[in-house]
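> When you get a sec, could you give me coordinates for this:
(one chain, ligands or ions: 2)
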Amino acid sequence: MTDPESADVNERSTARYRDYGVSDGCRRALVRWVVVPSWVLLGFLVVTFAVVRATGVSVPPSYRYAPFLVSIVVFGLPHGAVDHLVPARLRDEKPDLVSVGRVMAVYTVLVVMYAVVWFVAPGLAFVFFIGLTLYHWGQGDLHASLGFLRTNLGSRLGRAVTLVSRGSMPMLVPLLAFPEEYRDVADAVIRVFDPRGAETIAFAFEPAFRFSVGVFLVVFVSATVYLSRSSFEAGELALLGVYFATVPPILAVGFYFCFWHSTRHIGRLIALDPVAVSHVEDGNATRALLRFGRDAAPLTAGAVVIFAALWLVASPPATVEGFFALYLILLAALTLPHAGVVTLMDRVQRVW
Ligand SMILES: CC1=C(/C=C/C(C)=C/C=C/C(C)=C/C=C/C=C(C)/C=C/C=C(C)/C=C/C2=C(C)CCCC2(C)C)C(C)(C)CCC1
Ligand SMILES: [Fe+2]
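Residues are numbered from 1 along each chain as shown. Ligands and ions are numbered 1, 2, ... in the order given. Model (predicted):
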């Protein structure tokens, strides 16, 4: 005979797997508080910048950095700062010293390893960063598509193609629409370690390479729309495509990072925390968000300390551009282990 308590736990776990870790009660709240606001914000920015372009009004360039600056405390940096609690929560257990210690150790090894690559081969480290971000932001969107919008991406091929298309929007569309700014960012970042800057990856800005990227995007986006047969999927891809082709890239990527990728991921984390889920299901989403903020505060501060240490070691130019370039390098180093934790979530929550 099955003991009723374990039958209940099993039933709950099966429901969580089936729903990609997002219960129906949570899903409705997440669509309302996370998904719809992100559509409104990106739509608003598209219209604003279409008007700005049409009227020739100039926006002072330093504003471009505002969302990245905000991301240090709001959503961006904190979205990864509860990674140490995730593996235990995925097992329906309370995080303890061992589970947290394990994540800390893996994080430290990967961050240090990748930081070394930045010092030794910055051009290569940059290209890897773009590929890694494509994967990680694609996996985040794929989960939101399945878990929040309940799109019906039945096959593994459909999911893989969707991941690539989604991640390509922020990483590749700006290369086609704003090659100069793309080059400037690459240059500032690589220059922290190598005075040749973007020259080391000159191939990426050649017309033939950009043409191939264009073909790649058309093939993957068409395949995603065909395989998903979902108007949500097609609609979000269209919104992202137009957004990254219209809004200046540093601003566009910054807003997307805070108010699209990070907010979706925080929603996914809230759905994984039983206490936060009960707040959401009682209609108190703010309490769930505050609980997340409390969990995320210590290691957000920890990441800021790592940033300060990196500043002392790399000593970039003391300008807004220098600050931004080093912040991107910090994000790159953190993204490697962070994407590993999210890959574990994907596996346990049956995205694959
Ligand atoms: C847990 C832990 C911790 C913490 C952590 C954290 C806090 C995390 C986070 C994480 C994160 C926070 C992540 C992020 C990510 C991000 C990204 C990934 C980004 C990217 C970007 C890009 C890549 C961009 C670029 C560009 C621009 C901007 C413009 C145009 C051009 C281009 C596209 C180039 C510590 C270490 C303390 C300790 C150990 C444990
Ligand atoms: Fe992330």
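> For residue 274, grab the count of nearby residues.
Close neighbours of residue 274, defined as other Cβ atoms under 10 Å, add up to 11. Placement of C-beta: from N, CA and C, glycine included.
> How much space separates it from residue 102?
To residue 102, residue 274 is 21 Å away according to Cβ to Cβ, to the nearest Å.
> now residue 350
Computed as Cβ to Cβ, the residue 350 to residue 102 distance reads 23 Å.
> The residue of the chain found nearest ligand 1: neighbour count?
At 2.4 Å from ligand 1, residue 80 is the closest residue in the chain, using Cβ to the nearest ligand atom. Counted with other Cβ under 10 Å, residues neighbouring residue 80 total 25.
> ok, now residue 278?
Neighbour count for residue 278, taken as other Cβ under 10 Å: 13.
> got the buried residues for stretch 314-330?
314, 316, 321, 322, 323, 324, 325, 326, 327, 328, 329, 330 (16 or more other Cβ atoms under 10 Å).
> what's the helix or strand for the nearest residue to the second one once chain neighbours are set aside?
In other words, residue 316. Nearest in space to residue 316, with sequence neighbours left out and distances taken as Cβ to Cβ, 6 or more residues apart in numbering, is residue 322 at 3.9 Å. In this structure, residue 322 sits in helix 320-348 according to DSSP states H and E.
> So that helix, near ligand 1 or not?
Yes - if you take Cβ under 6 Å from any ligand atom as the test, helix 320-348 does meet ligand 1, through 328, 331, 334, 335, 338.
> Format these as a markdown table; extra columns: pLDDT and distance to residue 283.
Shown next, in a markdown table, are the residues of helix 320-348 next to ligand 1 (pLDDT from 0 to 100; distance: Cβ to Cβ, whole Å):
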| residue | pLDDT | distance to residue 283 |
| --- | --- | --- |
| 328 | 96 | 39 |
| 331 | 96 | 34 |
| 334 | 96 | 34 |
| 335 | 96 | 34 |
| 338 | 98 | 31 |
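> just curious, which of those residues is nearest to residue 196?
Set against residue 196, the nearest of the residues of helix 320-348 next to ligand 1 by Cβ to Cβ is residue 328 (18.0 Å).
> still on that earlier bit, of all the buried residues of stretch 314-330, which two lie farthest apart?
Farthest pair in these (Cβ to Cβ) is 321 and 330. Separation: 15.1 Å.
> Check the burial of residue 26 by counting its neighbours.
Count around residue 26 with other Cβ under 10 Å applied: 24.
> swap in the one 3 residues further on?
Other residues lying near residue 29 total 22 when counted by other Cβ under 10 Å.
> residues contacting it?
Contacts for residue 29 (Cβ atoms under 8 Å, 6 or more residues apart in numbering) come out as 280, 281, 285.
> where does the stretch 201-350 of the chain come near ligand 1, residue by residue?
249-250, 253, 257, 299-300, 302-303, 306, 328, 331, 334-335, 338.
> let's go with 5 Å and repeat that
Counting by Cβ under 5 Å from any ligand atom, the stretch 201-350 of the chain comes close to ligand 1 at 249, 250, 253, 299, 302, 303, 331, 334, 335, 338.
> are any of those residues buried, and which?
249, 250, 253, 299, 303, 331, 334, 335, 338.
> Let's have these in CSV, adding distance to residue 106.
Converted to CSV, those look like this (distance: Cβ to Cβ, whole Å):
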residue, distance to residue 106
249, 32
250, 31
253, 27
299, 14
303, 16
331, 18
334, 12
335, 14
338, 11
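> among those residues, which two are most distant?
249 and 299 (28.6 Å).
> Could you list the single helix or strand in the chain with the lowest mean pLDDT?
Between all helices and strands in the chain, the lowest mean by mean pLDDT, DSSP states H and E belongs to helix 4-18, at a mean of 50.
> Which SSE is immediately downstream of it?
Later in the chain than helix 4-18, the nearest helix or strand by DSSP H and E is helix 24-30.
> Only the C-alpha atoms, please, for the next helix or strand after that next one, written as CSV.
Next along the chain after helix 24-30, taking DSSP H and E as the criterion, comes helix 36-55. Extracted in CSV, the C-alpha atoms of helix 36-55 (Å, rounded to 0.1, in the frame of the first residue of the first chain):
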residue,chain,number,x,y,z
VAL,A,36,2.2,41.7,-19.8
PRO,A,37,4.2,44.6,-18.3
SER,A,38,7.3,43.5,-20.3
TRP,A,39,5.3,43.6,-23.5
VAL,A,40,4.0,47.1,-22.6
LEU,A,41,7.5,48.4,-21.8
LEU,A,42,9.1,47.0,-25.0
GLY,A,43,6.2,48.2,-27.1
PHE,A,44,6.4,51.7,-25.5
LEU,A,45,10.2,51.8,-26.2
VAL,A,46,9.6,50.8,-29.9
VAL,A,47,7.1,53.5,-30.4
THR,A,48,9.2,56.1,-28.6
PHE,A,49,12.3,55.4,-30.6
ALA,A,50,10.4,55.1,-33.9
VAL,A,51,9.2,58.7,-33.2
VAL,A,52,12.7,59.8,-32.1
ARG,A,53,14.2,58.5,-35.3
ALA,A,54,11.5,60.0,-37.5
THR,A,55,11.8,63.4,-35.9
